[in-house]
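Peer 1: With the sequence up front, the predicted model follows.
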Amino acid sequence: MRFRYFLVKKDWRSTMVQNSCWQSKSHKVKAFTLLESLLALIVISGGLLLFQAMSQLLISEVRYQQQSEQKEWLLFVDQLEVELDRSQFEKVEGNRLYMKQDGKDIAIGKSKSDDFRKTNARGRGYQPMVYGLKSVRITEDNQLVRFHFQFQKGLEREFIYRVEKEKS
């Protein structure tokens, strides 16, 4: 690309500058206008505010779920304690606790699914006490029955209960 230089003895540089300005005026330069820039800033700001609001909502939901799990555990422990208080301990066998309640043989332990149930001694009947269990380990040692619970969500809890064996 060759440029034409107008040779004017007096000031050839000013003529060249005028020529280049004239050329740039004839071509449209693509750029953002002030209105477009303002609109882009508003869209970006709105997107960031939306992202912040969604993050706070997610954090509050996680906190609620953690509190809900804790409340569910406390409710289960209260229910289990009531069942154990009104029963007479017999034995722990096969990861199940066997006891007598109101003259009936009762067993509590983890079922084949993901819940902890109260059943009769033969495994019949159905009263779920807590859901979402991965595993349960029930052991008895020196009049202490230990329940070790692992939940599917990663929560681990242990419940220890003192029993009195009936003297024969």
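Peer 2: Received it, and whenever you're ready, just let me know what you need. These numbers come from a predicted model, not from an experiment.
Peer 1: buried ones in stretch 133-146?
Peer 2: Leu133, Val136, Ile138, Glu140, Val145 (16 or more other Cβ atoms under 10 Å). C-beta here means a position set from N, CA and C on the backbone, and glycine is covered the same way.
Peer 1: For the third one, list each beta-bridge partner.
Peer 2: On DSSP bridges, the residues paired with Ile138 through beta bridges are Phe147.
Peer 1: Look up how far Leu38 lies from it.
Peer 2: To Leu38, Ile138 is 68 Å away according to Cβ to Cβ, to the nearest Å.
Peer 1: need the buried residues of stretch 133-146 in JSON lines with secondary structure, distance to Glu61 and pLDDT, can you?
Peer 2: Output for the buried residues of stretch 133-146, formatted as JSON lines (DSSP: H, G, I helix; E, B strand; the rest coil; distance: Cβ to Cβ, whole Å; pLDDT from 0 to 100):
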{"residue": "Leu133", "secondary structure": "strand", "distance to Glu61": "23", "pLDDT": "88"}
{"residue": "Val136", "secondary structure": "strand", "distance to Glu61": "28", "pLDDT": "92"}
{"residue": "Ile138", "secondary structure": "strand", "distance to Glu61": "34", "pLDDT": "93"}
{"residue": "Glu140", "secondary structure": "strand", "distance to Glu61": "40", "pLDDT": "91"}
{"residue": "Val145", "secondary structure": "strand", "distance to Glu61": "36", "pLDDT": "93"}
